[in-house]
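Novice: What would the 3D arrangement of this be:
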Amino acid sequence: MVKCVSILGSTGSIGRQTLDVIRHLGSIRVAALTAGSNVERMEEQCRSYHPKLAVMATEEAAKALCNRIGDLQTKVSWGEEGLLEAATMAEADCVITAVVGMVGLKPTLAAIRGKKRIGLANKETLVCAGELVMAQAEQYGAEIIPVDSEHSAIFQCLMGCGGKREIQRLILTCSGGPFFGKKPEELKAVTKSDALKHPNWKMGAKITVDCATLMNKGLEVIEAMRLYRVPLNKVDVAIHRQSIVHSMVEFTDGAIMAQLGTPDMRLPIQLALTYPERLPSPVERLDLFGCGELSFQKPDLETFPCLALAYACAKRGGTACPVMNGANEEAVAMFLRDEIGFYDIYRLVSQAVERVPFVQNPSLEEILESDRHAREAVRALSQEKHKSWI
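Specialist: Below is the predicted model:
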């Protein structure tokens with residue numbers, strides 16, 4: 001069990017739930033908290049948890065926070081430099097990476113080099129630079145414990161496993177999002193409000209839209225193959241509307257092991273903090289007699305082509321994945337600003353993957369450059385006139 005944590009992205013959904021778990025456990029100290037622009041919520045967290053360091057995304061937000069918590073002993077910083085300081089604080093033995101997007105990559109690598117335990121909720125880190133991240137984790141002896149419910153489920157199913165040779169396949173479950181069962185014609189005119197109505201989970205806007213397009217599951221497929229070092233053809237996706245089975249592992253003898261629970265992120269968060277121990281948690285217990293029928297279906301790749309695109313990029317390797325991820329972040333942001341339609345997300349991302357130059361064995365600098373080029377490509381493509389892909 002860890003003793004002291006830094007939380008990157010403390011004001012977001014995962015960050016807030018992490019602090020709830022810490023409050024419940026009662027024995028873990030908070031070294032650092034980082035956030036984007038929510039100064040008011042950061043002030044509340046600083047007064048409740050008394051971190052040594054608080055980091056905001058911008059200098060303006062940092063100055064506003066300074067004015068609010070001048071009576072505390074908390075140091076205030078901002079930007080990438082502040083994130084790196086939070087990720088490498090000597091007193092923190094664990095870093096929860098709950099920031100969204102590529103901004104989490106450099107701090108995660110810095111924490112790995114500091115031999116911290118990484119509570120990984122930032123899937124883009126492994127999607128864009130998984131081989132580099134896992135190699136450094138092995139080199140420096142840093143633990144990576146997944147916080148995503150699906151990868152935590154696989155992690156739990158593999159406890160006591162004899163090794164990769166026993167794994168037949170990993171089965172990531174997926175709720176199907178708010179548009180499950182719909183056909184392309186029905187989704188042409190859906191709105192931001194429609195896409196943000198996730199049936200089971202309460203999450204941030206970006207990841208909720210990714211769930212609606214199934215891009216989130218595509219990112220998780222890439223994350224799983226890198227985190228667990230298995231080939232792409234051993235990672236499958238099953239639509240499971242109830243979000244009770246969080247993922248499964250099929251072993252070579254035909255046995256399938258699953259992790260079940262109520263849809264509550266505090267369970268995987270707590271395990272990342274207490275592993276290898278299990279302690280009582282604030283999570284509501286699953287009522288097996290009241291959870292109803294559990295169903296599993298294949299994903300509809302025609303209606304949700306982002307998942308197929310993610311498989312294709314994972315198969316290609318190199319910079320295909322960071323380009324896809326960066327393009328998707330940019331396209332989703334545009335969708336959330338009501339600048340493009342729902343299916344324009346796939347159109348722009350797929351075209352960016354084709355347009356941005358490909359590098360087979362990229363360095364960290366080339367990965368970051370590919371991300372930048374992908375975002376630029378999406379902005380340029382959105383200004384051009386294209387026929388709808390449908």
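Novice: any weak-confidence spans in the stretch 1-150 of the chain?
Specialist: The stretch 1-150 of the chain contains no residues with pLDDT under 70.
Novice: helix or strand for the residue of the chain most remote from its centre, which one?
Specialist: Taking CA atoms, centre = their mean, the residue of the chain most remote from its mean C-alpha position is D71, at 34.7 Å. Assigning secondary structure by DSSP states H and E places D71 outside every helix and strand.
Novice: and what of I340?
Specialist: Under the criterion DSSP H and E, no helix or strand holds I340.
Novice: can you give me the strands in the chain?
Specialist: Taking DSSP state E to define them, one finds strands in the chain at 4-8, 29-34, 53-56, 75-78, 94-97, 117-120, 144-146, 167-174, 235-239, 245-251, 256-260.
Novice: how about these, which one is nearest P357?
Specialist: Counting by CB to CB, P357 lies closest to strand 235-239 out of the strands of the chain; the figure is 27.2 Å. Heads up, the C-betas are built off the backbone N, CA and C, glycines and all.
Novice: what's near enough to touch the residue farthest from the centre of the chain?
Specialist: Under the criterion of CB atoms under 8 Å, 6 or more residues apart in numbering, D71 has no contact partners.
Novice: what about the stretch 251-390 of the chain, any weak spots by pLDDT?
Specialist: Filtered on pLDDT under 70, the stretch 251-390 of the chain yields the residue ranges 385-390.
Novice: Who's the closest spatial neighbour of C211, skipping the chain neighbours?
Specialist: Excluding its sequence neighbours, the residue lying closest to C211 (CB to CB, 6 or more residues apart in numbering) is G177, at 4.4 Å.
Novice: contacting residues around that neighbour?
Specialist: Applying CB under 8 Å, 6+ apart, the residues near G177 are 198-199, 211-214.
Novice: about what we covered before: put together CSV for the strands of the chain, with mean neighbour count and distance to K206 on each row.
Specialist: Below are these laid out as CSV (neighbours: other CB atoms under 10 Å; distance: least, CB to CB, whole Å):
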stretch, mean neighbour count, distance to K206
strand 4-8, 28, 16
strand 29-34, 24, 17
strand 53-56, 26, 19
strand 75-78, 19, 22
strand 94-97, 28, 15
strand 117-120, 26, 17
strand 144-146, 24, 19
strand 167-174, 22, 17
strand 235-239, 20, 20
strand 245-251, 22, 21
strand 256-260, 17, 25
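Novice: Backbone dihedrals for the residue farthest from the centre of the chain, please?
Specialist: phi -80, psi -10 (degrees, to the nearest 10).
Novice: For L33, see how far away it is.
Specialist: Relative to L33, D71 is positioned 17 Å away (CB to CB, to the nearest Å).
Novice: wait, E91 sits on C4?
Specialist: Yes. With contact defined as CB atoms under 8 Å, E91 counts as touching C4 (5.1 Å).
Novice: got any residues that touch both of the two?
Specialist: Between them, E91 and C4 share the contacting residues 29, 31, judged by CB under 8 Å, 6+ apart.
Novice: what about P178, how many residues close to it?
Specialist: By other CB atoms under 10 Å, 17 other residues sit near P178.
Novice: hmm, I was thinking of S350
Specialist: Neighbour tally, S350, other CB under 10 Å: 20.
Novice: ok, it to L309 distance?
Specialist: Distance of S350 to L309, given as CB to CB: 6 Å.
Novice: tell me the pLDDT at V221?
Specialist: Note on V221: pLDDT of 97.
Novice: Longest helix in the chain, please.
Specialist: Identified as the longest helix of the chain according to DSSP state H is helix 364-383.
Novice: Excluding residues flanking it in the chain, which one is nearest L273?
Specialist: V2 (5.4 Å).
Novice: for L109, that is, sorry about that
Specialist: Spatial nearest neighbour of L109, excluding adjacent residues (CB to CB, 6+ apart): Q136 at 6.2 Å.
Novice: doesn't I112 make contact with that neighbour?
Specialist: Yes. Q136 sits in contact with I112 when judged by CB under 8 Å, with a separation of 5.0 Å.
Novice: So those two - more neighbours on which side?
Specialist: Between Q136 and I112, I112 has the larger neighbour count (other CB under 10 Å), namely 27 against 15.
Novice: can you pull the contacts of the closest residue to that one other than its chain neighbours?
Specialist: Once flanking residues are discounted, I112 sits nearest to A142: 4.3 Å by CB to CB, 6+ apart. Going by CB under 8 Å, 6+ apart, A142 touches 111-118, 136.
Novice: how close does E131 sit to R379?
Specialist: 28 Å.
Novice: go on, A32?
Specialist: According to CB to CB, A32 and R379 sit 33 Å apart.
Novice: now L53
Specialist: For L53, the distance to R379 (CB to CB) stands at 34 Å.
Novice: How about E80?
Specialist: Distance of E80 to R379, given as CB to CB: 22 Å.
Novice: Identify the residues contacting the closest residue to N216 other than its chain neighbours.
Specialist: The shortest distance from N216 to any non-neighbouring residue, by CB to CB, 6+ apart, is to D210 (3.6 Å). Contacts for D210 (CB under 8 Å, 6+ apart) come out as 216, 219, 328, 332.
Novice: cool, and Y228?
Specialist: Contacts for Y228 were tallied using CB under 8 Å, 6+ apart; they are 154, 158, 164, 167, 170.
Novice: Provide the count of other residues in contact range of the second one.
Specialist: Taking other CB under 10 Å as the criterion, the count of residues near L158 is 18.
Novice: Let me know the pLDDT of it.
Specialist: Value for L158, per-residue pLDDT: 95.
Novice: Now do the same contact list for the closest residue to it other than its chain neighbours.
Specialist: Nearest non-adjacent residue to L158, counting by CB to CB, 6+ apart: V249, 6.2 Å away. By CB under 8 Å, 6+ apart, the contact set of V249 is 154, 157-158, 161, 167, 169-171, 256-258.
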